[in-house]
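> can you look at this prediction? I've put the sequence above it.
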Amino acid sequence: MTAAVVLTPVSAPVADHVLVVALDGALDYTNAELLRRDVEAVLGAEHRELVLDLSDLGFCDSTGIRILLSIRKLMQERDGAVTLAGPNARLARIFRLTGLINAFTVAPSLAEALDAVGARSTPR
């Protein structure tokens, strides 16, 4: 059994409507639903942008990808968006091959993700 993926809020110079969290560990069928609950718990009513820093996420299986899509749907229902930052080469390749790269804004680093969020969003 895989240890739970760790979700850590990231202190970053962002607007109040942006939440930045880092994922660390492995995201798979043993803990994916827990991640969704954890994300829902840290999201405030004001958050319209969610940046997930994946740079320390070592593994993600199909259940983990399904949960990322579920989180995307949750944010869309809030009239918001999800940006993925720093996915490893394997995860980025999976997203490209499956076409899911078009479902998210994907940036090679957290700094570039924050730039993308800042360029496209204004508080509502």
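All right, it came through fine. Numbering: from 1, shown residues only.
> all contacts plus neighbour counts: C-alpha atoms, from now on.
Fine.
> can you tell me the SS state at Leu114?
What DSSP: H, G, I helix; E, B strand; the rest coil gives for Leu114 is helix.
> and it, how many residues sit next to it?
Number of residues near Leu114 (other Cα atoms under 10 Å) recorded here: 19.
> what about it, distance to Val51?
Distance, Leu114 to Val51, using Cα to Cα, to the nearest Å: 8 Å.
> same thing with Arg90?
To Val51, Arg90 is 19 Å away according to Cα to Cα.
> between these two, who's got more neighbours?
More neighbours surround Val51 than the other of Arg90 and Val51, with 22 against 12 (other Cα under 10 Å).
> helix or strand: which one has that one?
Using DSSP states H and E, Val51 maps to strand 49-60.
> how about the strands in the chain?
Along the chain, counting by DSSP state E, strands occupy 6-9, 18-27, 49-60, 81-85, 105-107.
> find the centremost residue of the protein, please.
What sits nearest the mean C-alpha location of the chain, by Cα atoms, centre = their mean, is Leu52, with 2.9 Å.
> given the strand holding Val51, what are its sheet partners and their directions?
strand 18-27 (parallel), strand 81-85 (parallel) (DSSP bridges).
> so where's this structure shaky on pLDDT?
Applying pLDDT under 70 to the chain picks out residues 1-4, 121-124.
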